[in-house]
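Chemist: Sharing a sequence plus its predicted fold:
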Amino acid sequence: MNEFPPGDGPVAQAADRLLRAAADRVPCPPVRDLIGSDDVKAAYAVQELLTARRLAAGASITGRKIGLTSPAVQRQLGVDQPDFGVLFADMSVADGASVPVGELLQPKVEAEIAFVLGADLTEGPLDAAQIRAAVAHAVPALEIVDSRIAGWDITFGDTVADNGSSALYVLGTPAKSLSEFEPVQAAMTLERGGETVSTGDGAACLGDPLAALAWLARTARDVGDPLRAGQVVLSGALGPMVPAAAGDAFSAEITGLGSVSVRFHASGDEGASA
């Protein structure tokens with residue numbers, strides 16, 4: 001990754017604020033007072049610093065997440081452009097598992113399409129044909145987003161600094177190649193306790209989830225950390241995100257692809273996730 005500013009400047013202060021919130025499980029004030037609301041360079045510098053600290057502590061990267069691709073989610077959060085964050089191995093939750101809500105702050109759930117890459121995206125035009133050829137397969141996914149910032153009071157700078165407001169992710173089944181499944185044609189239904197709470201389609205994700213993947217491939221290469229074979233990419237929400245609480249059971253169906261589910265329990269209960 002690119003170098004981040006050292007020392008006790010605003011980037012380090014923002015990172016420390018977010019780290020304390022995560023460690024104490026107490027949401028913090030926004031960090032835009034330190035880095036601004038729309039300073040892209042400063043926001044990603046905070047994210048890089050937090051990523052470097054996780055890697056130094058032994059974490060491993062499994063891929064990336066694209067955020068803010070759905071107009072509905074952009075309206076919810078008051079932003080107008082996509083962003084990305086880093087996925088780590090300890091963020092992966094097994095399909096159908098139960099998550100202890102006490103390990104999160106203010107979680108929400110969104111359904112999306114995940115791509116597993118079969119080739120590096122480091123060279124070439126990164127056009128539609130190259131992006132499609134690089135996808136080994138797609139799977140249905142749930143992203144459990146969470147904000148370290150109190151009340152989800154975030155601007156673009158806040159959420160980027162906070163690793164795209166990420167927390168956990170769940171990959172479902174089956175895995176399908178792009179010869180078997182066309183992402184832009186997918187329709188999504190997310191249920192909580194059997195009740196439909198969010199709907200959407202492939203076109204809601206930057207017009208096509210593959211267009212979102214292309215955006216990320218170009219952006220990641222531009223910042224010097226391109227996408228690699230074997231990585232998972234969460235391509236972005238297909239519909240509005242939904243708050244989660246102990247006792248909730250979520251299930252998403254993506255037409256032509258498959259399904260994925262997750263439950264939430266109080267932290268003292270049995271059934272913690274992997």
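Modeler: The structure has been received and is ready for your questions. Numbering: from 1, shown residues only.
Chemist: Determine the number of other residues adjacent to residue 64.
Modeler: Per other C-beta atoms under 10 Å, the neighbour tally for residue 64 reads 24. Glycine gets a C-beta too; all of them are placed from N, C-alpha and C.
Chemist: Torsion angles phi and psi at it?
Modeler: phi -140, psi 160 (degrees, to the nearest 10).
Chemist: for it, which residues make a bridge with it?
Modeler: Beta-bridge pairing of residue 64 under DSSP bridges involves residue 86, residue 233.
Chemist: Do I have it right that it meets residue 234?
Modeler: Yes: with contact defined as C-beta atoms under 8 Å, residue 64 counts as touching residue 234 (7.4 Å).
Chemist: Can you check which residues contact both of the two?
Modeler: Listed as contacting both residue 64 and residue 234 by C-beta atoms under 8 Å, 6 or more residues apart in numbering are residue 87.
Chemist: Assign a three-state SS to the nearest residue to residue 155 once chain neighbours are set aside, would you?
Modeler: Excluding its sequence neighbours, the residue lying closest to residue 155 (C-beta to C-beta, 6 or more residues apart in numbering) is residue 37, at 3.9 Å. Three-state assignment for residue 37 (DSSP: H, G, I helix; E, B strand; the rest coil): coil.
Chemist: State the distance from residue 37 to residue 236.
Modeler: Using C-beta to C-beta, to the nearest Å, residue 37 is found at 21 Å from residue 236.
Chemist: Please say which of the two ends up with more neighbours.
Modeler: Taking neighbours as other C-beta under 10 Å, residue 37 and residue 236 compare with residue 236 leading, 28 against 15.
Chemist: Check for me that the more buried one belongs to a strand.
Modeler: Yes: assessed by three-state DSSP, residue 236 belongs to a strand.
Chemist: Please enumerate the strands of the stretch 51-200 of the chain.
Modeler: Assigned by DSSP state E, counting those that start in this stretch, the strands in the stretch 51-200 of the chain fall at 61-67, 83-88, 92-93, 98-100, 108-117, 135-145, 168-171, 187-192, 195-201.
Chemist: Mean pLDDT and distance to residue 44 added to the ones you listed, as JSON lines?
Modeler: Shown next, in JSON lines, are the strands of the stretch 51-200 of the chain (pLDDT from 0 to 100; distance: least, C-beta to C-beta, whole Å):
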{"stretch": "strand 61-67", "mean pLDDT": "97", "distance to residue 44": "12"}
{"stretch": "strand 83-88", "mean pLDDT": "97", "distance to residue 44": "9"}
{"stretch": "strand 92-93", "mean pLDDT": "98", "distance to residue 44": "23"}
{"stretch": "strand 98-100", "mean pLDDT": "97", "distance to residue 44": "28"}
{"stretch": "strand 108-117", "mean pLDDT": "98", "distance to residue 44": "21"}
{"stretch": "strand 135-145", "mean pLDDT": "98", "distance to residue 44": "18"}
{"stretch": "strand 168-171", "mean pLDDT": "98", "distance to residue 44": "20"}
{"stretch": "strand 187-192", "mean pLDDT": "98", "distance to residue 44": "29"}
{"stretch": "strand 195-201", "mean pLDDT": "97", "distance to residue 44": "27"}
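Chemist: of all these, which lies closest to residue 54?
Modeler: Using C-beta to C-beta as the measure, strand 83-88 is the one of these that comes nearest residue 54, at 6.3 Å.
Chemist: What helices and strands are in contact with the closest one?
Modeler: Applying 3 or more C-beta pairs under 8 Å, 6 or more residues apart in numbering; DSSP states H and E, we find strand 83-88 packed against helix 40-56, strand 61-67, helix 156-161, helix 209-222.
Chemist: Residues contacting that strand, please?
Modeler: 47, 51, 54, 59-68, 156, 159-160, 163-166, 169, 216, 219-220, 232, 234.
Chemist: Look up how far residue 51 lies from residue 217.
Modeler: Distance, residue 217 to residue 51, using C-beta to C-beta: 18 Å.
Chemist: Could you list the low-confidence segments of this protein?
Modeler: For the chain, the stretches flagged by pLDDT under 70 are 1-7, 72-73, 76-79, 269-274.
Chemist: From residue 114, how far off is the residue positioned nearest the centre of it?
Modeler: Centroid-nearest residue in the chain: residue 65, 3.8 Å away (criterion: C-alpha atoms, centre = their mean). With the distance defined as C-beta to C-beta, residue 65 ends up 9 Å from residue 114.
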